[in-house]
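>>> sequence and predicted structure, then a few things I'm wondering about:
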Amino acid sequence: MPLKNYGILKGKVVGAKPGGASSNHFHVLIDAAGVSYRIAINVYSQSTNNRDLQFFLAENFQHPITSRVKSLPVGFTVVAQQPDGQALDFIRGNLFDINQMAVIPRFQEGPDNDLNDKINFYIDRALRREATLYAFGETWGPENDRPDQYFGFLPGRGIHDIHMNQGNPNPGPHAWQNGVWQDGGFLIHFEPENNWVGYFLKFQSQSVHTDDLTGHPISFDQPNLPEIRKGVRILAALVNPIGNDPGLEKILLFNPMPNPISLSGWGILDSAEKKEPLAGTLASGETKTVTLSGRNAQLSNRGGLITLIDENGLKIHGVNYTELEASDSGQWIIF
């Protein structure tokens, strides 16, 4: 069963309590137009094995999701758990290269060397510079008779599950939380320079090849192995061709592997997960220009996603592009 109250909290950072050596969470106090919320960010797992989290920090985050959330009202907004909207999905949303996520301890002596330090760096900067924070996760409250246990405001309320919310072992104690397009994370927007920073977390036990309907791990996938297989890459795309777009949009693929790769049964997905079927074979070192038919996958000029999947529906590679990158007619976008 997916999360029940998934959405986005938008507000200003007004306080923080790092987790330290004995807490599983980093807590952030948010002011949303006079309403207080607490963000509970996991920095340690309750599991008995592999308790440190995997983490990725995008310090110059560029993705179409930023323009979609920027217009949200201050406070908490319920978000549809579906593609081509405002929800996060670490696998399908092409937010970052998931293979770059690194295991990091929650606490160790010294500066800037643990997860609390990494989170606190930009949280502190957001507090001092009045940046806007967008937290994705599941809300709780208001708890009218219970002050917040960390910051004392009443009624207590907040948002948690600020991490990947799919791929939990099934069966397992957290399998019920699995779902697609409902991952947690948080973005910080420093408005004067229009710079976005993205924080993304997952547990080591979570698989990154999941069922497209349930979010459960796919049975033949093994977590802890290389997560997105090396193989064919998306090098570039003609998103905004001269003239009418349908039937003229193109994607350039490249095979860096030593052997030829059959593309039979493979496909290219757009932001709405419409599939353009592929065929043929791509020799080692060869490129292939795929012209989209205009009947299936289509590339929006407002920013979007391009995902390459194999015959089993597993993601091989994925990229994103922004509206600004797609604004020049006839210009290829290089990834």
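Happy to help now that I have it.
>>> just checking, what packs against the helix or strand hosting residue 117?
Secondary structure here is read from DSSP states H and E; on that basis residue 117 sits in helix 115-129. Here helix 115-129 touches strand 6-17, strand 25-32, strand 53-58, strand 185-190, strand 195-202, going by 3 or more C-beta pairs under 8 Å, 6 or more residues apart in numbering; DSSP states H and E. For the C-beta atoms, the positions are set from N, CA and C on the backbone; glycine is no exception.
>>> heading C-terminal from the third one, find the next helix or strand.
Just to be clear, that refers to strand 53-58. Toward the C-terminus, strand 53-58 is succeeded by helix 65-70 as the next helix or strand (DSSP H and E).
>>> what average pLDDT does that following helix get?
Here the mean pLDDT over helix 65-70 is 98, rounded to a whole number.
>>> buried set for the helix or strand immediately after that helix in the chain?
With elements assigned by DSSP H and E, the helix or strand that comes after helix 65-70 is strand 75-78. Residues 75, 76 are the ones in strand 75-78 that count as buried (16 or more other C-beta atoms under 10 Å).
>>> again, but for stretch 107-118
Neighbour-count burial for stretch 107-118, counted by 16+ other C-beta under 10 Å, picks out 107, 114, 115, 116, 117, 118.
>>> what separates that stretch from the chain centre, distance-wise?
Between the mean C-alpha point of stretch 107-118 and the mean C-alpha point of its chain there is a distance of 23 Å (C-alpha atoms, centre = their mean, to the nearest Å).
>>> can you show me the CA trace of it as PDB?
Presented in PDB, the C-alpha positions along stretch 107-118 are these (Å, rounded to 0.1, in the frame of the first residue of the first chain):
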ATOM      1  CA  PHE A 107      28.100  10.800  13.000                       C
ATOM      2  CA  GLN A 108      31.800  10.800  13.300                       C
ATOM      3  CA  GLU A 109      34.400  13.200  14.800                       C
ATOM      4  CA  GLY A 110      35.600  16.000  12.500                       C
ATOM      5  CA  PRO A 111      34.000  18.500  10.200                       C
ATOM      6  CA  ASP A 112      32.000  17.800   7.100                       C
ATOM      7  CA  ASN A 113      32.400  14.000   7.200                       C
ATOM      8  CA  ASP A 114      29.100  12.600   8.200                       C
ATOM      9  CA  LEU A 115      25.400  12.800   7.200                       C
ATOM     10  CA  ASN A 116      24.500  15.200   9.900                       C
ATOM     11  CA  ASP A 117      27.300  17.600   8.700                       C
ATOM     12  CA  LYS A 118      26.200  17.300   5.000                       C
END
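>>> residues in contact with that stretch: which ones?
Defining contact as C-beta atoms under 8 Å, 6 or more residues apart in numbering, one finds that stretch 107-118 is touched by 18-21, 26, 43-44, 52-53, 55, 57, 104-106, 121.
>>> can you check stretch 274-285 too?
Outside stretch 274-285, the residues that touch it by C-beta under 8 Å, 6+ apart are 232, 253, 255-270, 288, 290, 292-293, 296-298, 309.
>>> mind checking which of these are in strands?
Secondary structure assignment by DSSP state E places 253, 261, 262, 267, 268, 269, 288, 290, 309 of these in strands.
>>> no more questions from me, cheers.
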